[in-house]
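**Student:** structure for this input, please:
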Amino acid sequence: MAWRVPLSKIAPEGVKTPGMVRLDKPPEDSPFFKKGDEIWDIGSVIPEFAEKSPFTPDWKVWNATSGRLVAKGSWSAIRGIERMYGIDNLPRQCRVRMDLFKVPEDGSPPKFSGTADASLSLICRSGQVAKASISNDNASIHFEAEPTLDFNSSLADIRILVSASLSDSPTVEVETATTLRDRASVWIARDFDGKSGVDIRISLNVELADGTSQHEAIQIQEGNTILAYPLNSPFSQYFSHHGKVAIENKGWLVWESFSADSLHSLLSFDENQEGADPFAATEKPRVDFSAFKEVQPPTALVQFMGVSVFDLSDVFKRLGIDVSKDDFAGYDLRTGRIFFHSANELEHDKFEQLFSIHHCGAPSILALTTRGDGQMRLLSRSGQKALLKSTNAKSKRTRQLEIEPTLGETDSFVHLRVLYEEKSGEKVLKSLNTSATLEVGKFLSLMDKNSPNGSMEFKVEKLDDH
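**Tutor:** Next comes the predicted model:
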């Protein structure tokens, strides 16, 4: 495997650090090495490493040309390297991008396959507000974003404030929030008067401090091919925090996120510590995997956790979980997941009581669409307000849509609060202020079709994970 990591994380004094040895050639043939690469052996940079960990890699080197730490070894050794150098904790930041597209003349949904008519992206740290603006003959954009990354930097809650226009089109203002996965995008808004309009798309890319995409930061060699890890891994579909699947009519496999530090605490727990001073200053114990035995899981489970995991059968038994000869308990260092396979539901309940963290998940994302006198679209998180305003400087026509949709308990209905106002100058042409319950995915007229200025129909859809 190879990691994009600053040399300072490995060797404080760079290539002059004692123990760094320049190699004449790579330790072996690999697509991670190319002719002319500058390779340094770092196996002796921290000599006590071999004493601290029972799992040492076959070799580990620094490729100065690619700026990557490259190592070969067992999964335990690989994960040990990641933890030793703090690779999992390298600073991450967000690149948030906004794209503007002209609405197709027939009002059909955007394909987003071509080049955007205007774009603006900006870098911002998690939990902080970033602002950027551009203006030229073709477009004007003011973009404000506040992304907050989750614990593993794969998902971000993003608050968005936009004011944008293309040439000869109204100015569109949007204020909303959404949840977006790394390297994903979402269509957040549309303003279309029946003749012309603007679609707005937001994208997220999580990057390291040097601009490397998080997706490309860790790579794995499979055969003679380099793949991003773990997003292209066959196990990626099982990287959710927790889950449960049936296994070939032989019970169920359940799993939960569980840190290596938490796993170590199971081994170091000592019942004889009763009465010890809970406020005493003690050094946090280093995670030591020497007490575990690496095993191959049953064939039916390999697709979920790979071919090498730690056997936790004895640990589970000590915790009061009955592990029969047909059951399996293991821990996968690559994904930080603890697994239990059994046909006994009572033992499953014990597992969940011990290890379940009860993740609440992100709020549902809802997309509202209007039709009647053009179209509008606005994205919102369930239970939160969102605003879309359109201003035509030439005709002095404005329209404003404010929504607050809340997903029902069955995901089949949405409770919608809506405020709409359309004006020509100071004259109100149309207004609507109401609350209604809509069936998900179906239009409902919230204003009489026989009203002087035409009807207004609304539809709310629940977006899939994006």
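
**Student:** make it CA atoms for all contacts and neighbour counts henceforth
**Tutor:** Will do.

**Student:** show me the strands in the stretch 201-350 of the chain, by range?
**Tutor:** Secondary structure of the stretch 201-350 of the chain by DSSP state E, counting those that start in this stretch: the strands cover 218-222, 225-228, 242-246, 252-257, 293-295, 309-311, 328-332, 337-342.

**Student:** how about the strands of the stretch 51-200 of the chain, start to end?
**Tutor:** 59-63, 68-72, 92-102, 118-124, 130-135, 139-149, 155-166, 171-181, 184-192, 197-208.

**Student:** pull up the pairing partners for the fourth one, direction included.
**Tutor:** When you say that, I think you mean strand 118-124. Each strand paired with strand 118-124, and its direction, by DSSP bridges: strand 92-102 (antiparallel).

**Student:** what would the strands of the stretch 51-200 of the chain look like in TSV with mean pLDDT?
**Tutor:** Below are these laid out as TSV (pLDDT from 0 to 100):
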stretch	mean pLDDT
strand 59-63	94
strand 68-72	94
strand 92-102	95
strand 118-124	95
strand 130-135	95
strand 139-149	95
strand 155-166	94
strand 171-181	95
strand 184-192	95
strand 197-208	95
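
**Student:** turn those strands into CSV, columns for distance to F112 and mean neighbour count.
**Tutor:** Output for these, formatted as CSV (distance: least, CA to CA, whole Å; neighbours: other CA atoms under 10 Å):
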stretch, distance to F112, mean neighbour count
strand 59-63, 38, 22
strand 68-72, 34, 22
strand 92-102, 8, 22
strand 118-124, 12, 18
strand 130-135, 22, 14
strand 139-149, 18, 21
strand 155-166, 16, 21
strand 171-181, 17, 22
strand 184-192, 9, 22
strand 197-208, 9, 22
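
**Student:** which stretch among the ones you listed comes nearest G336?
**Tutor:** Closest approach to G336 among the strands of the stretch 51-200 of the chain is made by strand 155-166 (17.1 Å; CA to CA).

**Student:** does anything pack onto that closest one? Which helices or strands?
**Tutor:** Strand 155-166 sits against strand 139-149, strand 171-181, with contacts defined as 3 or more CA pairs under 8 Å, 6 or more residues apart in numbering; DSSP states H and E.

**Student:** what lines up beside that strand in the sheet?
**Tutor:** Short version: by DSSP bridges, strand 155-166 pairs with strand 139-149 (antiparallel), strand 171-181 (antiparallel).

**Student:** picking up where we left off before, okay, the helices and strands packed on strand 155-166 in TSV with distance to Y229 next?
**Tutor:** Listed next are the helices and strands packed on strand 155-166 as TSV, based on distance: least, CA to CA, whole Å:
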stretch	distance to Y229
strand 139-149	19
strand 171-181	16
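
**Student:** sorry, back to before: and the strands of the stretch 201-350 of the chain, which one's lowest on average pLDDT?
**Tutor:** With a mean of 81, strand 242-246 has the lowest mean pLDDT of these.

**Student:** with just CA atoms, put that one into PDB.
**Tutor:** Listed next in PDB are the C-alpha coordinates belonging to strand 242-246 (Å, rounded to 0.1, in the frame of the first residue of the first chain):
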ATOM      1  CA  HIS A 242     -23.400  -0.800  11.500                       C
ATOM      2  CA  GLY A 243     -25.400  -3.400   9.600                       C
ATOM      3  CA  LYS A 244     -27.000  -6.900   9.500                       C
ATOM      4  CA  VAL A 245     -27.300  -9.400   6.600                       C
ATOM      5  CA  ALA A 246     -28.500 -12.900   6.300                       C
END
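
**Student:** relative to G383, which of the strands of the stretch 51-200 of the chain is closest?
**Tutor:** Among the strands of the stretch 51-200 of the chain, the nearest to G383 by CA to CA is strand 171-181 (11.1 Å).

**Student:** name the surrounding residues that touch that closest one.
**Tutor:** Outside strand 171-181, the residues that touch it by CA atoms under 8 Å, 6 or more residues apart in numbering are 154-165, 186, 189, 191, 198, 203-204, 362-363, 365, 379-381, 385-392, 466.

**Student:** let's see it at 6 Å
**Tutor:** Identification of contacts with strand 171-181 by CA atoms under 6 Å, 6 or more residues apart in numbering yields 154-165, 381, 386-391, 466.

**Student:** the residue lying closest to V70 once chain neighbours are set aside - how many residues pack around it?
**Tutor:** Spatial nearest neighbour of V70, excluding adjacent residues (CA to CA, 6 or more residues apart in numbering): A2 at 4.3 Å. For A2, the count of nearby residues is 26 (other CA atoms under 10 Å).

**Student:** check contacts around A2.
**Tutor:** In this structure, A2 makes contact with 68-70, 218-219, judged by CA under 6 Å, 6+ apart.

**Student:** kindly recompute the last result at 10 Å.
**Tutor:** By CA atoms under 10 Å, 6 or more residues apart in numbering, A2 lies in contact with 32, 60-63, 66-72, 78, 216-221, 226, 228-229.

**Student:** what about it, distance to T212?
**Tutor:** 13 Å (CA to CA, to the nearest Å).

**Student:** so what sits opposite S213 in the bridge?
**Tutor:** S213 forms beta bridges with E207, as assigned by DSSP bridges.

**Student:** that one reaches V206, doesn't it?
**Tutor:** Yes. Using CA atoms under 10 Å, S213 is in contact with V206, at 6.1 Å.

**Student:** shared neighbours of the two, anything?
**Tutor:** Common contact partners of S213 and V206 (CA under 10 Å, 6+ apart): 92-95, 182-183.

**Student:** out of those residues, flag the one nearest to R337.
**Tutor:** Checking the shared contacts of S213 and V206 one by one against R337 (CA to CA), the nearest turns out to be D182, at 20.7 Å.

**Student:** on the pLDDT front, check the closest one for me.
**Tutor:** 91.

**Student:** I figured it hits I202, correct?
**Tutor:** No. Using CA under 10 Å, D182 makes no contact with I202, being 11.7 Å away.

**Student:** residue ranges in the protein under the pLDDT threshold?
**Tutor:** For the chain, applying pLDDT under 70 flags the ranges 46-55, 230-241, 260-261, 264-291, 306-307, 357-362, 449-454, 465-466.

**Student:** in it, which spans are helices?
**Tutor:** Using DSSP state H, the helices of the chain run over 49-52, 75-84, 214-217, 260-268, 302-305, 313-318, 345-355.

**Student:** redo the ones you listed as a markdown table? Include distance to A118 and mean neighbour count.
**Tutor:** Shown next, in a markdown table, are those (distance: least, CA to CA, whole Å; neighbours: other CA under 10 Å):
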| stretch | distance to A118 | mean neighbour count |
| --- | --- | --- |
| helix 49-52 | 52 | 13 |
| helix 75-84 | 40 | 19 |
| helix 214-217 | 25 | 19 |
| helix 260-268 | 45 | 14 |
| helix 302-305 | 43 | 17 |
| helix 313-318 | 57 | 16 |
| helix 345-355 | 48 | 15 |
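
**Student:** which one of these lies nearest to A145?
**Tutor:** Comparing the helices of the chain by CA to CA, helix 214-217 comes nearest, at 19.5 Å.

**Student:** quick one: contacts of that closest one?
**Tutor:** Here helix 214-217 has contacts from 2-5, 68, 87, 92-94, 153-154, 182-183, 205-208, 227-232, using CA under 10 Å, 6+ apart.

**Student:** now the strands for the stretch 351-466 of the chain?
**Tutor:** Taking DSSP E, counting those that start in this stretch to define them, one finds strands in the stretch 351-466 of the chain at 365-371, 375-381, 386-392, 397-407, 413-424, 427-439, 444-447, 456-462.
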